[in-house]
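Chemist: I'd like to go over a predicted model; first the sequence, then the structure.
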Amino acid sequence: MVKIDATNQSLGRLASKVASILRGKTSPKFQPYILSSGKVLVENARKIKLTGKKMEQKKYYHYSGYPGGLKEKKVKDIFQKNPSEVLRRAVWGMLPKNRLRKEMIKNLEIK
């Protein structure tokens with residue numbers, strides 16, 4: 001298990017480091033089609049920093065599939081409610097879009 005302290009780290013740089021470990025690229029036995037056994041524990045997620053005006057301007061979208069069903073939430077609202085969700089979404093977007101993605105994200109623990 002790899003422990004990472006998120007204090008004063010940029011969201012994107014931290015997420016790319018975590019995604020690389022979850023994918024198994026830091027292992028000498030890396031194969032893209034095999035699930036890595038690397039687990040990651042991220043501590044102090046509340047202390048992640050977002051540069052620029054991302055806290056007020058960045059939005060996450062969710063579409064229900066129905067007409068008029070496009071929902072949006074600001075990062076500020078999500079971060080206040082659950083700061084680990086912002087990091088989880090960033091890592092989720094950096095993992096490969098295949099069947100292993102759901103299994104890889106299970107190896108991520110955020111505190």
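Modeler: All right, it came through fine.
Chemist: Could I get the pLDDT score of the spatially most central residue of the chain?
Modeler: The centre of the chain sits closest to residue 91, judged by CA atoms, centre = their mean, with a distance of 2.5 Å. The model reports residue 91 with a pLDDT of 98.
Chemist: Show me what the helix or strand where it lies is in contact with.
Modeler: Element membership for residue 91 (DSSP states H and E) is helix 83-94. Outside helix 83-94, the residues within contact range by CB atoms under 8 Å, 6 or more residues apart in numbering are 6, 11-12, 14-16, 18-19, 22, 42, 45-46, 48, 60, 75, 78-79, 101, 105, 108, 110-111. C-beta: built from backbone N, CA, C; applies to glycine.
Chemist: What ranges does the chain have for its strands?
Modeler: 2-5, 40-43, 59-63, 70-74, 108-110 (DSSP state E).
Chemist: Could you dump the ones you listed into CSV with distance to residue 84 added?
Modeler: As requested, the strands of the chain are exported to CSV (distance: least, CB to CB, whole Å):
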stretch, distance to residue 84
strand 2-5, 13
strand 40-43, 8
strand 59-63, 14
strand 70-74, 15
strand 108-110, 4
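Chemist: Check what contacts stretch 16-29 and list those residues.
Modeler: Against stretch 16-29 from outside (CB under 8 Å, 6+ apart): 2, 4, 30-32, 34-38, 40, 42, 87, 91, 94-96, 104-105, 107-108.
Chemist: Start and end of that stretch, how far apart?
Modeler: One end of stretch 16-29 to the other measures 20 Å (CA to CA, to the nearest Å).
Chemist: now that stretch: how far from the chain's centre is it?
Modeler: 14 Å (CA atoms, centre = their mean, to the nearest Å).
Chemist: Quick check: buried residues in that stretch?
Modeler: 17, 18, 19, 21, 22, 23, 24 (16 or more other CB atoms under 10 Å).
Chemist: Mind pulling up the pLDDT for the third one?
Modeler: The one in question is residue 19. Model confidence at residue 19 (pLDDT) stands at 97.
Chemist: So what angle separates the directions of the helix holding residue 91 and strand 59-63?
Modeler: 70 degrees (axes from the mean of the first three to the mean of the last three CA atoms, to 10 degrees).
Chemist: and the angle from helix 83-94 to strand 70-74?
Modeler: 120 degrees.
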